[in-house]
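*Asks:* only the shape, not the letters, is given here:
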């Protein structure tokens, strides 16, 4: 039986760095560099970031970050599941854990940018109630990007 656990952990671990490299390679295979909005591991270590790690029977199989924007919202970054762990519902678990963390932090909304060539990711976000929105923060309009948001916390009730 596969047991998936999700907890906040430090991002600078060999298995996490491997996942981030896989994520970089995957994004580079789909989009030109100017359409990839990836953050590096030092950004993930900042105090304004909640970094979540999914483990399957102890082995790291996925990760994601919730980056506090400082305005009552946060952005999902570096959501990635090891291709060998796909189908175990790791992404759903990570997203649920991120939303719980956002509520604990008292945030009003969670935002994200994803690429248009990632239907699985888009489907996951839509299934959790994320809706399309215009670019936010420092993002510029990009025909290869999809911007989404979900209201959370007391405002959403």
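*Replies:* Done, it's in. Fair warning: this is a prediction, and the values are worked out from it, not measured in the lab. Numbers count the residues shown, from 1 in each chain.

*Asks:* going forward, measure contacts between C-alpha atoms and count neighbours the same way
*Replies:* OK.

*Asks:* between the two ends of stretch 96-111, how far is it?
*Replies:* End-to-end distance for stretch 96-111: 14 Å, by C-alpha to C-alpha, to the nearest Å.

*Asks:* check which residues of it are buried.
*Replies:* 97, 98, 99, 101, 102, 103, 107, 108, 109, 110, 111 (16 or more other C-alpha atoms under 10 Å).

*Asks:* and stretch 35-55, by the same measure?
*Replies:* Along stretch 35-55, the positions that meet the burial threshold by neighbour count (16+ other C-alpha under 10 Å) are 35-37, 41, 44-45, 49-55.

*Asks:* just the closest of the residues you listed to residue 116, please.
*Replies:* Of all those, the one with the least separation from residue 116 (C-alpha to C-alpha) is residue 35, at 10.6 Å.

*Asks:* give me phi/psi at the nearest residue to residue 24 once chain neighbours are set aside?
*Replies:* Nearest residue to residue 24 in three dimensions, chain neighbours excluded: residue 38, at 7.6 Å (C-alpha to C-alpha, 6 or more residues apart in numbering). Taking degrees, to the nearest 10, you get phi -90, psi 150 for the backbone angles of residue 38.

*Asks:* what sits against residue 38?
*Replies:* Contacts of residue 38 were listed using C-alpha atoms under 8 Å, 6 or more residues apart in numbering, and they are 24, 77, 78.

*Asks:* residue 140: which of these is nearest?
*Replies:* When those are ranked by distance to residue 140 (C-alpha to C-alpha), residue 77 comes first, at 16.7 Å.
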